[in-house]
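Peer 1: pasted the sequence and its predicted model underneath.
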Amino acid sequence: MKQLFKIALLTAVSSSVFAEDQQSAGLPQMDISTFPSQIFWLIVTFSILYVFMWKFVIPKLRITIEERRDKISNDINEAEKLKSEAEEILNKYKSKITSSNQDAVKIIAEAKKQSDEYTEKVKRDNKSKVNAMIEESNIKIAEQEKKSKSEIEKATLETIKSISEKFIDKLPSDSDIIKKLN
């Protein structure tokens, strides 16, 4: 406070006390006679600026910085929460994928088993059908063979009789001809 009073007293003193007899032709701010006044206004301006900064600007900056810090920490907390939720969802997704893969393997194995069983059944059924058809065919062939043999024997017998009639007067009986042929 005393210093402020001294500065005010110095500026109040007439500038003629410090002035030289000659007027300076150079820059006005370099004129020594105006130094006390310039120093006084520098201190007044600096003090007002200092008080203004201290009372108004710095508190607002502190509040802004604290709000930013709080917002950043809230954002970080929310991001961590979302990250943990995303990891939980990812783990559920992976477990569902794993279980669905296992289910798919089971379904495929069951389908293959059923397919193999059906194929074996069809093979057995077809094999029995083929065997029945072969047996039936063998029976028909045997019947046809007997029928053909009897027809051949009849045809042979008729042919021999017709040939024998031309050369022999007395024809042998059918049973004699059949005995000679076998």
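Peer 2: Structure received. Numbers count the residues shown, from 1 in each chain.
Peer 1: now Asn101: how far from Ser73?
Peer 2: 42 Å (C-beta to C-beta, to the nearest Å). C-betas here are computed from N, CA, C, even on glycine.
Peer 1: centre of the chain versus stretch 124-136, how much separation?
Peer 2: Using C-alpha atoms, centre = their mean, to the nearest Å, the distance from the centre of stretch 124-136 to the centre of the chain it belongs to is 53 Å.
Peer 1: mean confidence score for that stretch?
Peer 2: For stretch 124-136, the per-residue pLDDT values average out at 91.
Peer 1: in that stretch, what's buried?
Peer 2: Using 16 or more other C-beta atoms under 10 Å as the burial criterion, none of the residues of stretch 124-136 qualify.
Peer 1: got a pLDDT number for the closest residue to Gln29 other than its chain neighbours?
Peer 2: In space, Gln29 comes closest to Gln38 once its chain neighbours are excluded; the distance is 7.0 Å by C-beta to C-beta, 6 or more residues apart in numbering. Looking at Gln38, its pLDDT is 88.
Peer 1: tell me how many other residues surround Gln38.
Peer 2: Other residues near Gln38 number 13, with proximity taken as other C-beta atoms under 10 Å.
Peer 1: same thing with the one 10 residues further on?
Peer 2: Each residue near Ile48 was counted by other C-beta under 10 Å, and the total is 10.
Peer 1: mind saving the C-alpha coords of the helix or strand harbouring it as CSV?
Peer 2: With the criterion set as DSSP states H and E, the secondary-structure element containing Ile48 is helix 35-52. These are the backbone C-alpha positions of helix 35-52, laid out as CSV (Å, rounded to 0.1, in the frame of the first residue of the first chain):
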residue,chain,number,x,y,z
PHE,A,35,8.0,7.7,-17.1
PRO,A,36,6.3,8.2,-13.7
SER,A,37,2.9,8.5,-15.4
GLN,A,38,3.5,5.5,-17.6
ILE,A,39,4.6,3.4,-14.6
PHE,A,40,1.5,4.5,-12.6
TRP,A,41,-0.9,3.5,-15.4
LEU,A,42,1.0,0.3,-16.0
ILE,A,43,0.5,-0.7,-12.4
VAL,A,44,-3.2,0.3,-12.4
THR,A,45,-3.9,-1.6,-15.7
PHE,A,46,-1.9,-4.6,-14.5
SER,A,47,-3.7,-4.6,-11.1
ILE,A,48,-7.2,-4.3,-12.8
LEU,A,49,-6.3,-7.1,-15.2
TYR,A,50,-4.9,-9.2,-12.4
VAL,A,51,-8.1,-8.8,-10.3
PHE,A,52,-10.3,-9.4,-13.3
